[in-house]
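*Asks:* could you work out the structure for the sequence below:
(chains A and B, ligands or ions: 1)
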Amino acid sequence: MISRQDVEHVARLSRLALNDAELERMREQLSGILAYIDKLRALDTAGVEPTSHAVPLVNVMRDDANRPCLSQDEALANAPDRSGEFFRVPRIIED
Amino acid sequence: MADGKYETVIGLEVHAQLATRSKMFCGCPTGFGAPPNSQTCPICQGMPGVLPVVNRTAVEYAVRTALAFGLRVNPACRFARKHYYYPDMPKNYQISQYEEPLAEEGALDVEGPDGLRRIGIQRLHLEEDVGKLVHEGDFGTAQSSLVDYNRSGMPLMETVSRPDLRSPEDAAAYLRAFRAVLVALGVCDGNMEEGSLRCDANVSLRPRGATELGVKVEIKNLNSFRNVQRALEFEVKRQSAALDKGERIVQETRLYDADRGATRSMRSKEYAHDYRYFPEPDLVPLKLDRAWIEQQRAAIPELPRARRERFVVQYGLPPSDASLLAQSRALADYCDRAVRVYAQNPKGIVNWITSEVLREVDAADEVAVTNFQIPPENLAGLVKLIDDGTISGKIAKDVFARMLTSGEDAATIVKREGLTQMADPGALGSLVDQAIAGNPKAVADFKAGKTAAAKALVGQVMKASGGKANPAMVDRLVQEKLSRS
Ligand SMILES: [Zn+2]
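*Replies:* Purely as a prediction, here's the structure:
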């Protein structure tokens, strides 16, 4: 089970503003997911090496070569706000 | 520190931008100074659905660095997502390495006032850089921040030292030696002004003799050797004053403000350090086999410490000169190339480098040294002309100045300008005769026992020859002729 505080904590980390109803719905859904993980935990995985991938691949690398970039206008096309050549965001205080 | 009560304990985290052509996970170029947001693509802009691919050269450079510091390269390593929300990071996580870094446990030998000290290096890992924030208008009143994502996705190598440094000078010396190794390896240009090398420091104090570490404070924004030392000096003073007053040190992050010469607390966000790392699902693990690692080892050139030793043994240089040269790859290369064409007098060549060449260029500026107007072969030619008596040391300085502007070699200038030293006894003898005839007082003084009077006559002859007379020969001729007259 996941507590309401846990959901609030994760929501805050993810910059999500959830109202009471949403918090409760997330709590239920996340609890369900965690319960499923508990089910998986019941499996005997002794002797199975942990992995982060389902594919049996390693060392996928590319040559150090340049490829075309987006133009400045393309790069800035999706900017919520733009100032000349820059993306503009609400004032960030270095803290 | 000056205050004997506390022992200073410092560890450094250094971020080095690897000198690759393309970014860590995409093909965007890495050049410095391009117009804002002109070097991005969907991958380094963090668009949904894109797939990063590891830059092989970045891995090679990191492995070479790891081997140079004697770190153990892990047979397998993995990338991880480090989550945080900040506009410098459009996809809201930075691809880094966490539990399984590329390499662990090595050391760097650093020369300090008490000789060589071994500073442990705990780990080395690869990650991507983030974008750059600039404040629009005045910092205090700015209503918005501007973001340039050119830097986003640049290949970074983070290296974390053990808390083995014991003073701000120590820390600066570590950083200098560290930079010299990276530049010698050719994996980073070492340019701190352009941000190719950045440094954070962990500082704590403890009562002298204590074994437990004190509460550590992290200082960010140390972007020059000078700032590293000054920020740490300030922080050590601040902490020791606080401890003296019986205050407790708060574990926090502080920012160094170079203009004020002080560190200030960054109001730490409650949740700032909850990064929720997990393995990056878009990248498969790296498994580096031994043979490949050995290939990287074979690509490592002579490193600064070895080069310094060789300069002492092979060129007979004093250790201080050897250190100065070996600290800069470009300068050491310059020296080696000059000695290659004229091996008879390495010390003479080095004297010209440390006095005249370094008067013109900054030793730390690799690019300026590499592009220095006088190629090393030409400097060697100049020293050779002095050694074989063609020109005097004094004339050589004029020739050096002309070489700086014209780019010609010394022999060409000497020949064209007729600067060859006069060493013909007949011609010099008549100049000496004239000087003696024109200065009866000096001759009388000499006869009266004032041997210094001969010096004045030598000076006259040197002047009459336009500085070209061989001074030793003039001296001998004056002595001979005076005692005979
Ligand atoms: Zn890109």
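*Asks:* which positions within the helix ranked longest in chain A qualify as buried?
*Replies:* Counting residues, the longest helix found in chain A (DSSP state H) is helix A:20-41. Across helix A:20-41, burial judged by 16 or more other C-beta atoms under 10 Å in any protein chain shown covers A:26-27. Placement of C-beta: from N, CA and C, glycine included.
*Asks:* kindly export that helix (C-alpha atoms) in PDB.
*Replies:* Provided in PDB are the C-alpha atoms of helix A:20-41 (Å, rounded to 0.1, in the frame of the first residue of the first chain):
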ATOM      1  CA  ASP A  20      -7.800  15.700  -3.600                       C
ATOM      2  CA  ALA A  21      -9.800  13.400  -6.000                       C
ATOM      3  CA  GLU A  22      -6.800  13.000  -8.300                       C
ATOM      4  CA  LEU A  23      -4.500  12.200  -5.300                       C
ATOM      5  CA  GLU A  24      -6.800   9.500  -4.200                       C
ATOM      6  CA  ARG A  25      -7.200   8.100  -7.700                       C
ATOM      7  CA  MET A  26      -3.300   8.000  -8.100                       C
ATOM      8  CA  ARG A  27      -2.900   6.400  -4.700                       C
ATOM      9  CA  GLU A  28      -5.300   3.600  -5.700                       C
ATOM     10  CA  GLN A  29      -3.700   3.100  -9.100                       C
ATOM     11  CA  LEU A  30      -0.100   3.200  -7.800                       C
ATOM     12  CA  SER A  31      -1.000   0.800  -5.000                       C
ATOM     13  CA  GLY A  32      -2.400  -1.600  -7.600                       C
ATOM     14  CA  ILE A  33       0.800  -1.400  -9.600                       C
ATOM     15  CA  LEU A  34       2.900  -2.100  -6.400                       C
ATOM     16  CA  ALA A  35       0.700  -5.000  -5.500                       C
ATOM     17  CA  TYR A  36       1.400  -6.500  -8.900                       C
ATOM     18  CA  ILE A  37       5.100  -6.000  -8.300                       C
ATOM     19  CA  ASP A  38       4.700  -7.900  -5.000                       C
ATOM     20  CA  LYS A  39       3.200 -10.700  -7.000                       C
ATOM     21  CA  LEU A  40       6.300 -10.800  -9.300                       C
ATOM     22  CA  ARG A  41       8.500 -10.800  -6.200                       C
END
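*Asks:* near chain B, which residues of chain A?
*Replies:* A:9, A:12-15, A:52-53, A:55, A:57-72, A:75-76, A:81, A:83-92, A:94-95 (C-beta under 8 Å from any C-beta of the partner chain).
*Asks:* mind checking which of those land in helices?
*Replies:* Per DSSP H, those map to helices at A:9, A:12-13, A:72, A:75-76.
*Asks:* widest-spaced pair of the residues you listed?
*Replies:* A:9 and A:72 (39.0 Å; C-beta to C-beta).
*Asks:* looking at those two, which is more packed in?
*Replies:* Taking neighbours as other C-beta atoms under 10 Å in any protein chain shown, residue A:9 and residue A:72 compare with residue A:72 leading, 18 against 14.
*Asks:* wait, that one touches residue A:85, no?
*Replies:* Yes - between residue A:72 and residue A:85 a contact is recorded at 6.0 Å, counting by C-beta atoms under 8 Å.
*Asks:* between the ones in helices among the residues of chain A next to chain B, which sits nearest the ion?
*Replies:* The ion has its nearest neighbour among these in residue A:75, at 9.7 Å by C-beta to the ion.
*Asks:* burial count for the closest one?
*Replies:* Neighbours of residue A:75 (other C-beta under 10 Å): 23.
*Asks:* list the contacts of it.
*Replies:* Residues counted as contacts of residue A:75 (C-beta atoms under 8 Å, 6 or more residues apart in numbering or on different chains) are A:69, B:37-38, B:40, B:45, B:149.
*Asks:* now tabulate these in a markdown table and tack on secondary structure.
*Replies:* Listed next are the contacts of residue A:75 as a markdown table, based on DSSP: H, G, I helix; E, B strand; the rest coil:
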| residue | secondary structure |
| --- | --- |
| A:69 | coil |
| B:37 | coil |
| B:38 | coil |
| B:40 | coil |
| B:45 | coil |
| B:149 | coil |
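*Asks:* re the thing from before, find residues that contact each of residue A:72 and residue A:85.
*Replies:* B:35-38.
*Asks:* the helix ranked longest in chain B packs against which elements?
*Replies:* Using DSSP H, we find that the single longest helix of chain B is helix B:225-244. For helix B:225-244, the packing partners by 3 or more C-beta pairs under 8 Å, 6 or more residues apart in numbering or on different chains; DSSP states H and E come out as strand B:6-17, helix B:168-185, strand B:197-207, strand B:217-222, strand B:253-257, strand B:262-265.
*Asks:* can you name every helix or strand that the fifth one contacts?
*Replies:* Using 3+ C-beta pairs under 8 Å, 6+ apart as the contact test, the elements touching strand B:253-257 are strand B:217-222, helix B:225-244, strand B:262-265.
*Asks:* out of those, flag the one nearest residue A:42.
*Replies:* strand B:217-222 (42.1 Å).
*Asks:* off-centre distance for the closest one?
*Replies:* Averaging C-alpha positions (C-alpha atoms, centre = their mean, to the nearest Å) puts strand B:217-222 21 Å from its chain's average.
*Asks:* that strand and chain A, are they touching?
*Replies:* No - figure legend: strand B:217-222 not in contact with chain A (C-beta under 8 Å from any C-beta); closest approach 8.9 Å.
*Asks:* counting contacts, what elements does that strand pack onto?
*Replies:* Checking 3+ C-beta pairs under 8 Å, 6+ apart, strand B:217-222 ends up next to strand B:197-207, helix B:225-244, strand B:253-257.
*Asks:* next one: the longest helix of chain B to chain centre, how far?
*Replies:* 24 Å.
*Asks:* list the buried residues in that helix.
*Replies:* For helix B:225-244, using 16+ other C-beta under 10 Å, the buried residues are B:225, B:227-236, B:238-240, B:243.
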